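[1] quick one, structure for this:
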Amino acid sequence: MSELREGGRIVVGLKSESWIDVSVETAAIMAVAMKAEIFGLFVREDAMADLADLPFASALSVGAGKPMSLSRSSMETAFNRREGLCRRVLSERARQAAVKWSFHSTRGALPTHIRKILDPGDFLVLSRAPRGPGGHRGLIEEISGAADGARGIVIAPARASDPKPGPVIVVDDGSEAGADRVGLAMQIAAVTGAQPVLFVVAPTNADAGRIITRGKHLCPPGFDLIVHRFFPGTPDPVVNALVSLAPSFAVLDIASDPRGDTGLTRTLLQAAKTSIVLLRGRD
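    From the prediction side, this is the model:
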């Protein structure tokens with residue numbers, strides 16, 4: 001269907017507050033679509049461990065009647081429990097998807113270890129976990145830190161999609177990188193059974209026609225491609241359409257918005273059921 005390079009690794013960055021199920025599910029879909037293996041990286045964050053040293057540090061679990069005191073020992077117990085859960089969920093989902101997997105645990109800060117292990121052919125899956133007063137600023141920083149080291153960044157949804165998933169939307173401007181984005185989106189649609197939708201960004205009808213022809217050629221058998229036309233230099237209609245259609249996956253160009261500067265990534269982060277795929281063009 002496409003000359004998109006397959007193989008490599010789907011690296012899942014996990015830490016104590018990560019939403020495990022949706023992150024691993026997203027990684028499994030990407031692994032099947034790309035014929036890749038899954039590499040789980042669990043990081044015991046120093047910042048979390050240091051909390052145990054603070055005076056009167058305590059934690060309140062959901063459903064608990066009163067806070068529990070924290071200590072280095074209790075924090076390590078919590079890390080062990082969370083790491084074990086991550087490993088079990090990943091191994092079971094990889095078995096179901098019939099893809100190879102491996103798992104590594106370390107200590108420190110997730111962005112630091114991500115930069116060390118990523119290869120140019122890897123996709124990195126990050127969790128859209130609950131965040132503090134800065135909102136998604138920390139996630140945007142993680143994306144920025146990894147943007148130069150990976151082939152693509154995948155931001156897992158905040159919660160699982162409905163039994164009937166939303167469409168897979170891809171933005172194509174007619175470039176060679178656009179062909180890769182379309183190829184990946186069509187492979188994801190084939191894996192998930194979701195409706196493929198092509199957002200064509202072109203200045204002329206002739207350019208739009210060529211992009212549509214390419215999209216139909218890459219569309220998997222049994223699917224009818226839905227097309228929406230946009231003009232260059234008008235990001236707001238694209239963003240509004242992406243949000244209103246509530247896609248299960250949105251495949252975008254990492255070079256156009258690697259740090260969320262245009263507001264596209266930041267806006268899509270509010271779409272709780274959308275996996276955001278930021279794909280790098282070919283070197």
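[2] and residue 82, how many residues sit next to it?
    By the other C-beta atoms under 10 Å criterion, the neighbourhood of residue 82 contains 18 residues. Bear in mind the C-beta positions are built from the backbone N, C-alpha and C, glycine included.
[3] for it, what is the enclosing helix or strand?
    In the assignment (DSSP states H and E), residue 82 maps to helix 72-97.
[4] sort out which residues of stretch 199-207 are buried, please.
    Residues 199-202 are the ones in stretch 199-207 that count as buried (16 or more other C-beta atoms under 10 Å).
[5] for stretch 209-218, same thing?
    Buried, per 16+ other C-beta under 10 Å, within stretch 209-218: 211-212, 214-215, 218.
[6] rewinding a little: among the buried residues of stretch 199-207, which lie within strands?
    Among the buried residues of stretch 199-207, the members falling in strands are 199-201 (criterion: DSSP state E).
[7] let me know the closest of those residues to residue 27.
    Among those, residue 199 lies closest to residue 27 (C-beta to C-beta), at 24.8 Å.
[8] tell me the domain ranges of this structure?
    9-53+70-155, 168-279 (automatic domain parsing).
[9] please enumerate the strands of this protein.
    So, for the chain - with DSSP E - the strands run 9-14, 37-45, 58-59, 68-69, 101-108, 123-126, 152-155, 168-172, 196-201, 226-230, 249-253, 275-279.
[10] show me the one of those strands that comes nearest residue 24.
    Here strand 9-14 is closest among these (C-beta to C-beta), at 6.4 Å.
[11] what pairs with the closest one, and is each one parallel or antiparallel?
    strand 37-45 (parallel), strand 123-126 (parallel) (DSSP bridges).
[12] next, format these as TSV and append distance to residue 240.
    Below are those laid out as TSV (distance: least, C-beta to C-beta, whole Å):
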stretch	distance to residue 240
strand 37-45	34
strand 123-126	25
